[in-house]
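Colleague: Everything below, folded, please.
(2 chains)
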Amino acid sequence: MTYTIEGRTGPWELVIGLEVHAQVISQSKLFSGAATAFGAEPNSQVSFIDAGFPGMLPVINQECVAQAVRTGLGLNAKVNLWSRFDRKNYFYADLPQGYQISQFAHPIIGEGAVEITLADGTVKSIGITRLHLEQDAGKSLHDQHPSKSFIDLNRSGVALMEIVSEPDMRSPEEAGAYLSKLRQILRYLGTCDGNMDEGSMRADVNVSVRKAGEGYRTRCEVKNVNSIRFVMQAVEAEARRQIEVWEDGGEVVQETRLFDTSRGTTRSMRSKEDAHDYRYFPEPDLPPLVLESDWVEALKAALPELPDARRARYVAMGLSPYDAHVLTLEKETAVFFEAVAKGRDAKTVANWLTGDFFAHLNKRGVGIEESPVPAADLGALIDLIADKTINGKIAKDVLEIMFEEGKTPAAIVEARGLKQVTDTGAIDAAVDKVLAANAGQVEQYKAGKVTLFGFFVGQTMKALQGKGNPALVNEVLKAKLGG
Amino acid sequence: MHPTDFTLAGALAALEEGAISSVELTQAHLDGIAKLNPRLNAYITVTAEKALAQAAESDARRKRGEARALEGIPLAIKDLFCTAGTETTAGSRILKGFVPPYESTVSQKLLDDGAVFLGKANLDEFAMGSSNTTSAAGPVENPWSRANDPDTRLVPGGSSGGSAAAVAARMALGATATDTGGSIRQPAAFCGIAGIKPTYGRCSRFGIVAFASSLDQAGPVARTVEDCALLLTSMAGFDPKDSTSADIAVPNFAAACRRGVKGLRIGVPKEYRLDGLAPEIGALWDQGLAWLREQGAETVEISLPHTKYALPTYYIVAPAEASSNLARYDGVRFGSRVTEPGSDLRDLYERTRAAGFGAEVKRRIMIGTYVLSAGYYDAYYLKAQKIRALIRRDFEEAFKQVDAIVTPATPSAAFGMDEKQDDPVTMYLNDVFTVTANLAGLPGLAVPAGLDGQGLPLGLQVIGKAFDEESVFAVGHAIERAANFTAAPGLRAGA
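Modeller: Here you go, the predicted model:
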């Protein structure tokens, strides 16, 4: 079913393409040795190259090139062994050279594809047009002084990958799924941290609308959207705006727009007429970038397992597709899962992780990498269930105490005397007591109201302070109730 | 003999023998500068105190037996090279007051070899010009004058006019220079000295204020070919800070000077016999070729068919790159800033750049911006790149037959400071013989070969294969020896 938005004149289809700017994880900048750490004092990570001083020349950072190649390989894309840098010329106070060194005509990575999975389980392939390397600009701060603008060049020269998709997405959901899949792949690869709120990943969203069966209509570009949710909102808002323009007899003009997150609408930033003429030309300070195929092959061989492969492996281990999906969303989760699942039943581990464990993390608002309960302790807890030291119900309580007190499950079980009662004598006595105290219910049960069995189990467990071995309790009850 | 009359090689020998100290040598040049610079304006900045301190240090080092290749040799540094702690202006108002905290690789190499820096040599603004009349520090005067018209002040050529005039007037033993379309060779020829633009990539461009990155190349000017060879040996070499510098070993260029030309095949491009070429220049060219034949070389007519497109190609490529390279002079981070209270960023740019750049620089920024603009890029920039490739191929073909090419260095001798100033295109024609080597990235040497009827120096040019400066030096040295050029300008230190 094609997603459509209903206008006055009927349904409209959406056509969406994304240009994602992803900051490369690297110690130093794309063309200088300056550091790239986030949050440093303004202008403390700036070389003379980044500040565009006279006579300064760029020198390519090999690690940034390797990161771009890894990303290309992770996107199943063509690695261009010959690529070239170009200058994109424009004036701005936070662009010290007066041009950005980018790759216009010959990007390092060519066509590729990303598979997205939608809520209804549909799998769709989104084409990647290209990926190129470029340097970031600095930052203008307009709110530090009543009449002056301040410039922070820490970001100036930091390596970015611009990843351009084909206009293959047809709904806000697909756009969101694509961006989150892209983010997931980059994080798995370790080529971008994907921190959208720190600006290390941001998207320009191209949107147009059309009637079924039409070619493309004019598109608009919504610049610098910095969360997956906002991308989905921006797509919808911009599509609705365009539908209204068309239905009012107007014409959508190609322009750059901004998404106003508080109002949930887009507004014009600049039209095609005032678009910059960037006067691209080959960067004469850098020879073409030539990669050796052996080097690319070595990077390929060393690539980490990617989410799709990992998910398939989990399904093969016996996990449901849904659990496999959830556990592979973040690399850290998958790593945690595998640490616990090693030598244990994967399905049981997945249930514990996606159930109570995630609930405790969510309650505390922490990610799995900051979990107060380490993987080894969760594993030990599951072992205590497996060897019948405790039952599942008690285990849930133990996990809660682990989160609160940070002790090992064995210590908690020991200190609180939570060991499962497997002594049939004790269970016999408890059952006898329960049956004696509830003679009326025993009557009813024997008269055919078998649903009362659960009641007797509950009462017996209560009498055993929850520590009864459930199987034994069942067994004894059945026997005594004349089963 | 006056200390400023030494050649660089001669001064090195005298220093080694203890006949003179670096302090004496440096002081003699500073005296010459004090006397002549007020008129010639060859230096923008003179760093006398620093120079004497360096010289004293150098003398001490030599005494300890630690003399290096250029120990104690006083040089002028073109004010396009960034020098740590010394103002570097590129001859522009927009860089007024800019004191780099870093040293260019080339000047650092000279310092590392023991050179003494006398100061910063004048130049055309951002190295754009052929007469050294576009400098914000004022024009440089050529120390030579016409025999029958001594009152007409002549240009030294450009853009390295200050470097060439300083060396010709004995205000330095040698100087650094840069060449984008002829800026080493044309002023060298106008001032009766030698100068070489080495192969593109031979010298690092790190720390040199960029004009046109794909064409710019540093090189030396000095009074003899051998002196140029000594300087280039120090200046050249791979630099990891310049991605376009070549990782190729630097040979001993001075040794190559003495190789001789016996058996070399010398190309004579027929397309360089321009209509209206001054008869004196044509005759000198023929004379030069005859000298080479006398020393055992063979001269061969060759064809460089795309020569006539070289100047227009150059005046697209160079301004295009310059328009981008000069975007960083915006008044935001360094150099001069012109602004009005309450004005915006655009206004800051406009005022700063309007006040900071001179007319020739503005003209080239506008040309460059135009040829890169949407809709014009293919017709101008892209086409120029294609022709540039053809020009390069012309040379590759020619060098299958010959070892070096000899041409005139310039189409005329030095002209008056008021001449050729009305029409920029007339000025651009000065580079007609030299731009091809820049477009093809080849080494080109200018060597003084004679005087014209007015007693002004004329030079010949030797062009070589990429990274074969050795043959260029050998041929240049052979011409120099045969020409026995001993004339000196009227204005000179020690005269």
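Colleague: thinking A:Lys331 is in contact with A:Tyr188, fair?
Modeller: Yes - counting by CB atoms under 8 Å, A:Lys331 touches A:Tyr188, with 5.0 Å between them. Glycine gets a C-beta too; all of them are placed from N, C-alpha and C.
Colleague: tell me, what's touching the two both at once?
Modeller: Common neighbours of A:Lys331 and A:Tyr188 (criterion: CB atoms under 8 Å, 6 or more residues apart in numbering or on different chains): A:Pro307.
Colleague: Now do the same contact list for the residue sitting nearest the centre point of chain B.
Modeller: Centroid-nearest residue in chain B: B:Ile184, 2.0 Å away (criterion: CA atoms, centre = their mean). Contact analysis of B:Ile184 by CB under 8 Å, 6+ apart lists B:Ser160, B:Ala177, B:Thr178, B:Gly195, B:Ile196, B:Lys197, B:Gly219, B:Val221, B:Ala446.
Colleague: now the helices for the stretch 201-350 of chain B?
Modeller: Using DSSP state H, counting those that start in this stretch, the helices of the stretch 201-350 of chain B run over residues B:225-235, B:253-257, B:279-294, B:310-325, B:345-356.
Colleague: any idea how far A:Ile185 is from A:Ile25?
Modeller: Using CB to CB, to the nearest Å, one gets 13 Å for the distance from A:Ile25 to A:Ile185.
Colleague: likewise A:Glu414?
Modeller: 45 Å.
Colleague: which stretches of the stretch 151-300 of chain A have low pLDDT?
Modeller: A:272-274 (pLDDT under 70).
Colleague: Run through the residues of it sitting next to chain B.
Modeller: Within reach of chain B by CB under 8 Å from any CB of the partner chain, the stretch 151-300 of chain A has these residues: A:Ile151, A:Asp277, A:Arg279, A:Tyr280, A:Phe281, A:Pro284, A:Asp285, A:Leu286, A:Pro287.
Colleague: Closest to B:Ser104 out of those residues?
Modeller: Each of those was checked against B:Ser104 using CB to CB; the closest is A:Asp285, at 14.9 Å.
Colleague: can I assume the closest one sits in a helix?
Modeller: No - counting by DSSP: H, G, I helix; E, B strand; the rest coil, A:Asp285 is not part of a helix but coil.
Colleague: Verify the stated contact: it with A:Met56.
Modeller: No - here A:Asp285 does not reach A:Met56: they are 9.4 Å apart, not a contact under CB under 8 Å.
Colleague: quick one on the thing from earlier: scan the contacts of B:Ile184 and report the most crowded one.
Modeller: Ranked by the number of neighbours (other CB atoms under 10 Å in any protein chain shown), these place B:Ser160 first, at 40 neighbours.
Colleague: do you know how far that residue is from B:Ala48?
Modeller: 22 Å.
Colleague: do the same with B:Ile20
Modeller: Using CB to CB, B:Ile20 is found at 18 Å from B:Ala48.
Colleague: same thing with A:Pro307?
Modeller: Noted for A:Pro307: a distance of 69 Å to B:Ala48, by CB to CB.
Colleague: neighbour count winner among the two?
Modeller: Higher neighbour count among A:Pro307 and B:Ala48: A:Pro307, with 21 against 16, using other CB under 10 Å.
Colleague: check contacts around the more buried one.
Modeller: A:Pro307 touches A:Lys181, A:Gln184, A:Ile185, A:Tyr188, A:Thr328, A:Leu329, A:Lys331, counting by CB under 8 Å, 6+ apart.
Colleague: same thing with A:Val290?
Modeller: Contacts here follow CB under 8 Å, 6+ apart; on that basis A:Val290 touches A:Leu81, A:Trp82.
Colleague: Same check on B:Ala254?
Modeller: Shown in contact with B:Ala254 (CB under 8 Å, 6+ apart): B:Ala9, B:Glu226, B:Ala229, B:Leu230, B:Thr233, B:Phe473.
Colleague: Out of the residues you listed, which is nearest to A:Arg87?
Modeller: Taking CB to CB as the measure, A:Arg87 lies nearest B:Thr233 of the contacts of B:Ala254, at 33.8 Å.
Colleague: Quick one: list the elements packing against the helix or strand where B:Glu397 lies.
Modeller: If you go by DSSP states H and E, B:Glu397 is part of helix B:383-398. For helix B:383-398, the helices and strands in contact under the criterion 3 or more CB pairs under 8 Å, 6 or more residues apart in numbering or on different chains; DSSP states H and E are helix B:310-325, helix B:435-440.
Colleague: Which one, of the ones you listed, ends up nearest to B:Asp31?
Modeller: Proximity to B:Asp31 (CB to CB) singles out helix B:435-440 among these, at 36.7 Å.
Colleague: Give the other helices and strands that that closest one contacts.
Modeller: Judged by 3+ CB pairs under 8 Å, 6+ apart, helix B:435-440 is in contact with helix B:310-325, helix B:383-398, strand B:457-464.
Colleague: Next SSE downstream of it?
Modeller: Next along the chain after helix B:435-440, taking DSSP H and E as the criterion, comes strand B:444-451.
Colleague: between that next one and strand B:457-464, how many degrees?
Modeller: Using axes from the mean of the first three to the mean of the last three CA atoms, to 10 degrees, the inter-axis angle of strand B:444-451 relative to strand B:457-464 is 150 degrees.
Colleague: ok so, going back, out of the helices and strands packed on helix B:435-440, which one sits most buried?
Modeller: Mean neighbour count, computed with mean count of other CB atoms under 10 Å in any protein chain shown, is highest for strand B:457-464 among the helices and strands packed on helix B:435-440, reaching a mean of 29.
Colleague: Could you list every helix and strand in contact with that strand?
Modeller: Applying 3+ CB pairs under 8 Å, 6+ apart, one finds that strand B:457-464 makes contact with helix B:185-190, helix B:279-294, strand B:404-408, helix B:435-440, strand B:444-451, helix B:469-483.
Colleague: what's next to the fourth one, contact-wise?
Modeller: It refers to helix B:435-440. B:179-182, B:197, B:200, B:215, B:217, B:304, B:307, B:310-311, B:313-314, B:317, B:388, B:391-392, B:394-395, B:443-444, B:461, B:463.
Colleague: For burial, what's the neighbour tally of the residue in chain A that chain B sits nearest to?
Modeller: Nearest to chain B in chain A, going by CB to the nearest CB, is A:Gly98, at a distance of 2.3 Å. Residues lying near A:Gly98 (other CB under 10 Å) number 21.
Colleague: Please report phi then psi for it.
Modeller: A:Gly98 adopts backbone torsions of phi 80, psi 10, taken as degrees, to the nearest 10.
Colleague: Repeat that for A:Arg87.
Modeller: Dihedral angles for A:Arg87 - degrees, to the nearest 10 - are phi -100, psi 130.
Colleague: Correct me if wrong: it contacts A:Gln103.
Modeller: No - A:Arg87 lies out of contact with A:Gln103 (CB under 8 Å); the separation is 10.6 Å.
Colleague: List the contacts of B:Ile193.
Modeller: By CB under 8 Å, 6+ apart, the contact set of B:Ile193 is B:Ala164, B:Val167, B:Ala168, B:Val221, B:Ala222, B:Arg223, B:Pro448.
Colleague: Against A:Leu327, how distant is it?
Modeller: Going from B:Ile193 to A:Leu327 by CB to CB gives 77 Å.
Colleague: for A:Tyr3, same thing?
Modeller: Taking CB to CB, one finds A:Tyr3 at 28 Å from A:Leu327.
Colleague: again with B:Asp149
Modeller: Counting by CB to CB, the gap from B:Asp149 to A:Leu327 is 92 Å.
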